[in-house]
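A.B. asks: Just the structure for this:
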Amino acid sequence: MRNTTERQESGWTASGTALRVAVRWPNRWSVSPVVETIVFVFGLVALGYLAGLTGYLKVQVGDALTEFAIGVALPLLLFRTMAGADFHGSAPWALWTAYFSAAAITWIAGHLAMTRIFGRDPQVGVVGGVAAAYSNLVLLGIPFMLGVFGQDGFEVLSLLVAIHMPLMTMTSIILFDVFGHRKNGRISAAEILRAFLRRVLPNSLMIGILAGVLWRLTGLQLPHFVDRLIDSLADIAGPLALFAMGLGLRKFSISGNVLAAAVLSFLKLFLMPAVALCASLLLDLPPMTAKVAVAAAALPSGVNSYLLAVQFGTGQGLASSQMTIATLCAVFSTALWLTVAHAVFG
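C.D. replies: Below is the predicted model:
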């Protein structure tokens, strides 16, 4: 138990400027670092939501902050990590197998729940599948992993982020096209490829990752002033993303589809991390890699599932309700899965 004069620091400390959040707890309290980090992370989300709810900040401010976080701060953070991180022992193929097998099983479960239980058409089933399996690895996942596991955990997460969006986007576009053209038996591979490239190539996160990999291949060191410039922006990425996410939630609501959205949220928050846990054990992943895989699978759905529903022109209300419900429930479910992961993997 800590003395009241001691500083309990939680946050992310990558290379460069360190961001630390000091929290003083009364002497009679004993708070685990995991719980403290979860409270801190979702507390920033709640502050952003409260700022929008009270009218202190307009929702458009959240859009601007999100744009800056995704367009500038997070890509620089990913660039810095891909350019200089040591990925030895991260077992990327085993990590990808564990995580994406969990995503695939959960996607199938979500699709079947929408089509077989709720009687929705197959295209809405695709929306249900992607909503149940698409973790919020960027706005929530990056600061979350930095807060819980530090730089080592974030480096493992970066291996997921590098292929997560392209793989999930391509899968959703293909499945939606398959079900959409089933009646006339025509599937345009060229249109699928064009739709995929339009979403992936201009994506700033992918640009940051690829630029970091290319710089890494040169073997050169960044000039000191460039390194400082990148650090100054990259180190604000986490809290900025969390606050912007909370403010952005004001645009979404639980508007109908409550039971269906609740089922998808259950699959996302409980089935997916459970499968990831089992897969990590079967593949004998290193402890840190396994814990990141389970924690990433336990994260709630992000806005990309809603954006895909908007692009497809169906299931927008379902995706909005599911994202809101899952985010609210994740405050408790992530604590559960982190506790389980620590107990299993040490």
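A.B. asks: In the stretch 201-346 of the chain, where is pLDDT below threshold?
C.D. replies: Residue ranges of the stretch 201-346 of the chain with pLDDT under 70: 253, 255-256.
A.B. asks: Work out the gap between the host helix or strand of residue 341 and the centre of the chain.
C.D. replies: For residue 341, the host element (DSSP states H and E) is helix 316-345. Computed by Cα atoms, centre = their mean, to the nearest Å, the chain-centroid distance of helix 316-345 equals 11 Å.
A.B. asks: do stretch 75-90 as well
C.D. replies: From the chain centre to the centre of stretch 75-90 is a distance of 17 Å (Cα atoms, centre = their mean).
A.B. asks: Where is the longest helix in this structure?
C.D. replies: The longest helix of the chain (DSSP state H) is helix 141-180.
A.B. asks: hang on, the earlier thing: please identify the buried residues of the helix holding residue 341?
C.D. replies: Buried residues in helix 316-345, defined by neighbour count with 16 or more other Cβ atoms under 10 Å: 316-327, 329-331, 333-335, 337-338, 340-342, 345. (Each C-beta comes from the backbone N, C-alpha and C, glycine too.)
A.B. asks: Residue 156: how many residues sit nearby?
C.D. replies: 27 (other Cβ atoms under 10 Å).
A.B. asks: now swap in residue 210 and tell me
C.D. replies: Neighbourhood size, residue 210 [other Cβ under 10 Å]: 16.
A.B. asks: before we move on, what about residue 116?
C.D. replies: 10.
A.B. asks: Next: residue 225.
C.D. replies: Taking other Cβ under 10 Å as the criterion, the count of residues near residue 225 is 8.
A.B. asks: again with the one 10 residues further on
C.D. replies: The number of residues packed near residue 235 is 24, by other Cβ under 10 Å.
A.B. asks: swap in residue 243?
C.D. replies: Around residue 243 there are 24 other residues, counting by other Cβ under 10 Å.
A.B. asks: show me what contacts it?
C.D. replies: By Cβ atoms under 8 Å, 6 or more residues apart in numbering, residue 243 lies in contact with 44, 45, 47, 48, 51, 65.
A.B. asks: picking that back up, now the helix holding residue 341 against helix 141-180, angle please.
C.D. replies: Orientation check (axes from the mean of the first three to the mean of the last three Cα atoms, to 10 degrees): helix 316-345 against helix 141-180 gives 130 degrees.
A.B. asks: Could you list every helix and strand in contact with helix 316-345?
C.D. replies: Helix 316-345 sits against helix 33-53, helix 122-133, helix 258-266, helix 272-282, helix 287-298, helix 303-312, with contacts defined as 3 or more Cβ pairs under 8 Å, 6 or more residues apart in numbering; DSSP states H and E.
A.B. asks: What I need now is the ones you listed written out in a markdown table, including mean neighbour count for each item.
C.D. replies: Below are those laid out as a markdown table (neighbours: other Cβ atoms under 10 Å):
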| stretch | mean neighbour count |
| --- | --- |
| helix 33-53 | 19 |
| helix 122-133 | 27 |
| helix 258-266 | 20 |
| helix 272-282 | 22 |
| helix 287-298 | 26 |
| helix 303-312 | 21 |
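A.B. asks: State the phi and psi torsions of residue 135.
C.D. replies: Torsion angles at residue 135 (phi, psi; degrees, to the nearest 10) stand at phi -70, psi 150.
A.B. asks: and what of residue 137?
C.D. replies: Torsion angles, degrees, to the nearest 10, at residue 137: phi -80, psi -20.
A.B. asks: And it, how close does it get to residue 304?
C.D. replies: Using Cβ to Cβ, to the nearest Å, we find residue 137 at a distance of 10 Å from residue 304.
A.B. asks: same check, this time on residue 245
C.D. replies: According to Cβ to Cβ, residue 245 and residue 304 sit 12 Å apart.
A.B. asks: Repeat that for residue 173.
C.D. replies: Between residue 173 and residue 304 the computed distance is 12 Å (Cβ to Cβ).
A.B. asks: Residue 61 too?
C.D. replies: For residue 61, the distance to residue 304 equals 21 Å [Cβ to Cβ].
A.B. asks: coming back round to it: and the angle for the longest helix of the chain with helix 287-298?
C.D. replies: Orientation of helix 141-180 against helix 287-298 (the same axes, to 10 degrees) gives an angle of 50 degrees.
A.B. asks: buried sites along helix 141-180?
C.D. replies: Across helix 141-180, burial judged by 16+ other Cβ under 10 Å covers 141-149, 152-162, 164-166, 168-177, 179-180.
A.B. asks: and the helix or strand that comes right after that helix, what does it pack onto?
C.D. replies: Next along the chain after helix 141-180, taking DSSP H and E as the criterion, comes helix 189-200. Packing partners of helix 189-200 (3+ Cβ pairs under 8 Å, 6+ apart): helix 141-180.
A.B. asks: what angle separates the helix it packs on from helix 33-53?
C.D. replies: Here helix 141-180 points in a direction 70 degrees away from that of helix 33-53 (the same axes, to 10 degrees).
A.B. asks: next one: helix 141-180 to chain centre, how far?
C.D. replies: Distance, stretch centre to chain centre, for helix 141-180: 7 Å (Cα atoms, centre = their mean).
A.B. asks: so how far is residue 130 from residue 263?
C.D. replies: Remark: distance between residue 263 and residue 130 (Cβ to Cβ) = 15 Å.
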